[in-house]
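Student: I would like the atomic coordinates for the input below:
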Amino acid sequence: MARFPNKKKKVFSKPVLKKPSVDHVTGDKIPKSFVFSRGKLPSSLRKLQMDLRKLMLPHTALKLKEKKQNNLKDFLNVAGPMGVTHFLILSKTDTASYLRVARTPQGPTLTFKIHEYSLAADVAQSQLRPRCPPELFKNSPLIVLSGFGTGDQHLKLTTIMFQNIFPAIDINTVKLGLCQRIVLLNYNKETKLIDFRHYSIRLQPVGVSRRLRKFVLNHQAPDLKSLQDVSDFVTRAGYGSESEGDDEAATVSLPSDLGRVNRASTKSAVKLQEIGPRMTLQLMKIEEALSSGGVIFSEYGSGEDAKKQENQEVDEG
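Tutor: Predicted coordinates:
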């Protein structure tokens with residue numbers, strides 16, 4: 001059981017992160033995270049916190065326990081030995097909700113205002129065929145950033161922060177079978193808002209029906225009693241004539257076999273399905289240190305009114 005120096009305080013009910021690990025291909029330290037809150041959160045934000053923990057799997061503390069008396073230094077004391085490199089911190093004021101993304105132990109810290117959000121459960125409920133199998137979370141998601149290349153310093157820092165929060169990949173050695181999720185951040189320079197989306201990735205062979213894919217994947221014997229020939233299972237309308245994902249712009253040629261239905265040198269359609277959570281964020285402030293230090297960027301502006309607005313945020317201790 002991992003404990004703080006003060007034995008009266010604890011964060012974990014049991015160890016959930018191993019000692020610092022290194023990618024055996026790149027040699028880089030694998031980034032790990034804590035997702036927690038400061039101050040009291042409403043039920044919906046608590047659920048968003050759990051969704052973010054799941055999104056950050058497998059290199060996060062899914063069962064991180066926090067108490068009211070725990071301050072930021074307590075989390076830092078535990079983070080060091082476990083190799084935790086980033087904090088994602090949710091907080092709530094009377095007027096808005098915030099997400100802070102910080103590099104440990106010395107910063108910087110980016111503060112985002114959460115304008116809107118939807119939980120993973122809400123996203124699934126809106127879909128006809130929601131798909132989110134547990135094996136999706138055995139590997140980290142890919143990260144894609146769009147619209148951040150404006151040359152502004154605060155957007156460069158945002159890009160670097162999010163690029164480093166997930167393990168880097170080597171396109172020459174990465175196994176396609178491990179790429180099953182993607183996190184997309186799109187910046188709108190007109191509204192200054194960031195659309196945060198989380199998708200699952202799957203490949204479907206072009207020209208192969210859903211029924212035939214199901215047969216190959218599940219090894220289930222098809223019902224052939226009404227057919228004259230086994231070939232009718234593939235060619236008859238209603239069985240094998242319909243196919244999905246034949247859009248040329250959404251297809252790739254695989255360099256190697258990927259599962260039982262996606263074969264090397266054949267075309268497969270890339271399918272993205274949103275699994276949530278989704279958020280609309282606005283970058284409000286960048287601090288040099290961990291929730292402290294000089295302000296590199298501020299959307300609040302300057303003056304007394306801006307200072308009052310900043311002081312409305314929850315104190316992170």
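Student: show me where this structure has strands.
Tutor: Using DSSP state E, the strands of the chain run over 33-37, 86-92, 97-103, 109-118, 142-146, 181-188, 193-205, 251-253, 267-274, 278-287, 295-298.
Student: nearest to S44, of the ones you listed?
Tutor: Closest approach to S44 among these is made by strand 109-118 (8.2 Å; C-beta to C-beta). For the C-beta atoms, the positions are set from N, CA and C on the backbone; glycine is no exception.
Student: quick check: can you name the pairing partners of that closest one and their directions?
Tutor: Strand 109-118 pairs in its sheet with strand 97-103 (antiparallel), strand 278-287 (antiparallel), by DSSP bridges.
Student: any residues touching the last one, and which ones?
Tutor: Right, strand 278-287. When contacts are defined by C-beta atoms under 8 Å, 6 or more residues apart in numbering, strand 278-287 is touched by residues 48, 98-99, 107-118, 123, 154-155, 157-158, 192-198, 293-300, 310.
Student: please apply the same query to the shortest one.
Tutor: The set of residues that contact strand 97-103 without belonging to it, under C-beta under 8 Å, 6+ apart, is 45, 85-92, 108-114, 117, 161-162, 164-165, 279, 281, 284, 290-291, 313-314, 316.
Student: now the angle from it to strand 86-92?
Tutor: Here strand 97-103 runs at an angle of 160 degrees relative to strand 86-92 (axes from the mean of the first three to the mean of the last three C-alpha atoms, to 10 degrees).
Student: and for the last one?
Tutor: Orientation note: strand 278-287 sits at an angle of 100 degrees relative to strand 86-92 (the same axes, to 10 degrees).
Student: got the end-to-end distance for stretch 119-128?
Tutor: 17 Å (C-alpha to C-alpha, to the nearest Å).
Student: what of stretch 284-293?
Tutor: End-to-end distance (C-alpha to C-alpha), stretch 284-293: 15 Å.
Student: mind listing what's buried along it?
Tutor: Residues of stretch 284-293 classed as buried: M284, K285, I286, E287, L290, S291 (neighbour count, 16 or more other C-beta atoms under 10 Å).
Student: what's the burial count for K175?
Tutor: Burial of K175 is recorded as 10 neighbouring residues (other C-beta atoms under 10 Å).
Student: low-confidence ranges, the stretch 201-317 of the chain, go.
Tutor: Low-confidence segments of the stretch 201-317 of the chain, defined by pLDDT under 70: 204-268, 302-317.
Student: how about a cut-off of 50?
Tutor: For the stretch 201-317 of the chain, the stretches flagged by pLDDT under 50 are 212-213, 215-217, 219, 230-231, 233-249, 260-262, 265, 314-317.
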